[in-house]
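> The amino acid sequence is not available; the structure is as follows:
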């Protein structure tokens, strides 16, 4: 345990005493503990957010299988290369790891409980949006090509390339977001991943299989998907998605 971790551990105990005293109605004792906590926070140049993050690290690390049918999206027994690529990007950005399941297009996300929930929520929104828009843009592109050529040959591979371009744009967006964050935020993500990686090293019950490659054969498709991804609003709202726990 590092010196910083020892201080945070002591602060957690003091906070627990303060909370307990307040709960029992012992205001004077609660104020003494609160003052001691503030003194230590100032002395070691820490903040309550550091203490909250330490509590967050105590959250259970879980595995969650994203069951698409529960989100109004079709589950299939065939793996999806672009969904796997996108999930890997989203998971990493949220301090999680991603694994695939043979015979399913639903990935498995591994991480601290709250991070997994947020990563899953983000993934569901991105997948459903990309699937819908890529289909619409493919249909429009096919119609344009057919009018010009009398056949749709040039549209072959457009949709998958669109999706690859979209995933690459999302990867860049999350990287830029990381770069703009304060150094503390970046350190915290790395700390989360260290604990997750330790869990993964001892994980049983999920086969680790080779990732798939998503074909990128249409420059027009890739460019259109990349452009859409770059312009996408990342302020995502919606209902919290449901997933199936794996124990």
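Everything's here; your move. Being a predicted model, the structure only gives us computed values, none of them experimental.
> so residue 76, which of the three states?
coil (DSSP: H, G, I helix; E, B strand; the rest coil).
> Report the contact partners of it.
Shown in contact with residue 76 (CB atoms under 8 Å, 6 or more residues apart in numbering): 104-105. Where you see a C-beta, it was placed from the backbone N, CA and C, and this is true even at glycine.
> Look up phi and psi at it.
With angles defined as degrees, to the nearest 10, residue 76 sits at phi -130, psi 170.
> same check, this time on the one 4 residues further on
Backbone torsions for residue 80, taken as degrees, to the nearest 10, come to phi -120, psi 120.
> Quick check: the gap between it and residue 168.
Distance, residue 80 to residue 168, using CB to CB, to the nearest Å: 16 Å.
> Please pull up the helix or strand immediately following the one helix or strand residue 196 maps to.
Assigned by DSSP states H and E, residue 196 belongs to helix 183-201. Per DSSP H and E, the first helix or strand lying C-terminal to helix 183-201 is helix 219-231.
> Buried residues, that following helix. List them.
Neighbour counts using 16 or more other CB atoms under 10 Å place 220-222, 224-226, 228-229 of helix 219-231 among the buried residues.
> Go through those and name the one nearest residue 112.
Ranked by distance to residue 112 (CB to CB), those are led by residue 229 at 26.8 Å.
> contacting residues for that closest one?
165-170, 173.
> Residue 85 versus that one, what's the distance?
For residue 229 relative to residue 85 (CB to CB), the value is 12 Å.
> average pLDDT across stretch 108-115?
Mean per-residue pLDDT for stretch 108-115: 91.
> How far off centre is that stretch?
8 Å (CA atoms, centre = their mean, to the nearest Å).
> Over to stretch 93-104?
The chain centre lies 10 Å from the centre of stretch 93-104; the measure is CA atoms, centre = their mean.
> who's in contact with it?
63, 65, 75-79, 84, 87-88, 90-92, 107-112, 115-116, 118-119, 122, 174, 177-178, 188-189, 192-193, 196-197, 200, 206-209, 211-212.
> One more pass at 7 Å, please.
Stretch 93-104 is contacted from outside by 65, 77, 79, 84, 87-88, 91, 107-112, 115-116, 118-119, 174, 189, 192-193, 196, 200, 206-209, 211, using CB atoms under 7 Å, 6 or more residues apart in numbering.
> Buried ones among those?
The neighbour-count test (16+ other CB under 10 Å) marks 65, 79, 84, 87-88, 91, 107-112, 115-116, 118-119, 174, 189, 192-193, 196, 200 as buried among the contacts of stretch 93-104.
> Next, the buried residues of the longest helix seen in the chain.
Criterion DSSP state H: the longest helix present in the chain is helix 113-149. For helix 113-149, the buried set under the neighbour-count rule, 16+ other CB under 10 Å, comprises 115-128, 130-131, 133-134, 137-138, 141-142, 145.
> what residue lies at the spatial centre of the chain?
The centroid of the chain falls nearest to residue 119 when counting by CA atoms, centre = their mean (2.9 Å).
> pLDDT value on that one, please?
We have a pLDDT of 93 for residue 119.
> Could you double-check that it lies in contact with residue 89?
No. At 10.1 Å, residue 119 does not count as touching residue 89 under the criterion of CB atoms under 7 Å.
> Might one say that residue 82 is in contact with residue 161?
No. Using CB under 7 Å as the test, residue 82 is too far from residue 161 to be in contact (10.0 Å).
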